[in-house]
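Visitor: please find the sequence and the predicted model below.
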Amino acid sequence: MNTSHPLFTAALQAFHQAYAPYSGFPVGAAILSSEGRIYAGCNVENISYPCGSCAEQSAISAMITGGDRHIQEIVILADGKDLITPCGACLQRLNEFGTPETLVHLGTPQGIQKTLSLAQLLPFGFNDKALRK
Ligand code: THU
């Protein structure tokens with residue numbers, strides 16, 4: 001995916017809107033839903049640190065609010081030295097609305113560095129089978 005792709009530009013725009021005064025680590029995410037629409041989100045921190053939200057969480061909330069329910073692809077951008085990968089809680093959130101084939105594109109404002117499937121990132125996520133007795 002190149003930097004002029006609409007999913008990349010949506011994630012980059014969100015990255016620039018991030019509210020991250022405590023960590024100094026802005027993150028932007030953009031989802032392409034299976035219904036063909038794009039939803040973006042950024043991290044939103046809080047002086048009470050555990051009250052903050054991750055960018056993926058914000059993008060998922062926007063998708064659900066927009067009426068879509070399935071994640072086809074997601075771009076996640078941050079400006080760290082190392083590759084950004086979603087936190088464990090966000091992997092579980094992505095698992096709720098994605099499939100094992102959902103593509104997760106990881107990168108910086110300069111471009112995508114790596115694309116992994118959700119199954120590669122979360123091979124043994126908690127799922128509804130575990131709830132069956
Ligand atoms: N963060 C995200 O938004 N997404 C991730 O995948 C990893 C971490 C945020 C949470 C916090 O606002 C900041 O990055 C530093 O942890």
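Guide: Yep, that arrived.

Visitor: who in the chain is up against the ligand?
Guide: For the chain, the residues found near the ligand under the criterion C-beta under 6 Å from any ligand atom are 20, 23, 25, 27, 43, 45, 52, 54-56, 76, 84, 86-87, 90. (C-beta placed from N, C-alpha, C; glycine too.)

Visitor: of those residues, keep whichever come out buried.
Guide: 20, 27, 43, 45, 52, 54, 55, 56, 76, 84, 86, 90 (16 or more other C-beta atoms under 10 Å).

Visitor: so which of the residues you listed are in helices?
Guide: Counted as lying in helices by DSSP state H, out of these, are 55, 56, 90.

Visitor: can you tell me the closest non-neighbouring residue to the residue nearest the centre of the chain?
Guide: In the chain, the residue lying closest to the centroid (C-alpha atoms, centre = their mean) is residue 56, at 3.3 Å. Excluding its sequence neighbours, the residue lying closest to residue 56 (C-beta to C-beta, 6 or more residues apart in numbering) is residue 90, at 4.1 Å.

Visitor: check residue 96 too.
Guide: residue 60 (7.9 Å).

Visitor: a strand runs through the one you found, doesn't it?
Guide: No: read with DSSP: H, G, I helix; E, B strand; the rest coil, residue 60 is helix and lies in no strand.

Visitor: neighbours around residue 109, how many?
Guide: Number of residues near residue 109 (other C-beta atoms under 10 Å) recorded here: 15.

Visitor: the residue nearest to residue 96: what's it in contact with?
Guide: For residue 60, the residues meeting the contact criterion (C-beta atoms under 8 Å, 6 or more residues apart in numbering) are 31, 39, 41, 71, 93, 94, 96, 97.

Visitor: with neighbour count added, can I get those in a markdown table?
Guide: Conversion of the contacts of residue 60 to a markdown table gives the following (neighbours: other C-beta atoms under 10 Å):
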| residue | neighbour count |
| --- | --- |
| 31 | 31 |
| 39 | 23 |
| 41 | 27 |
| 71 | 26 |
| 93 | 19 |
| 94 | 25 |
| 96 | 13 |
| 97 | 20 |
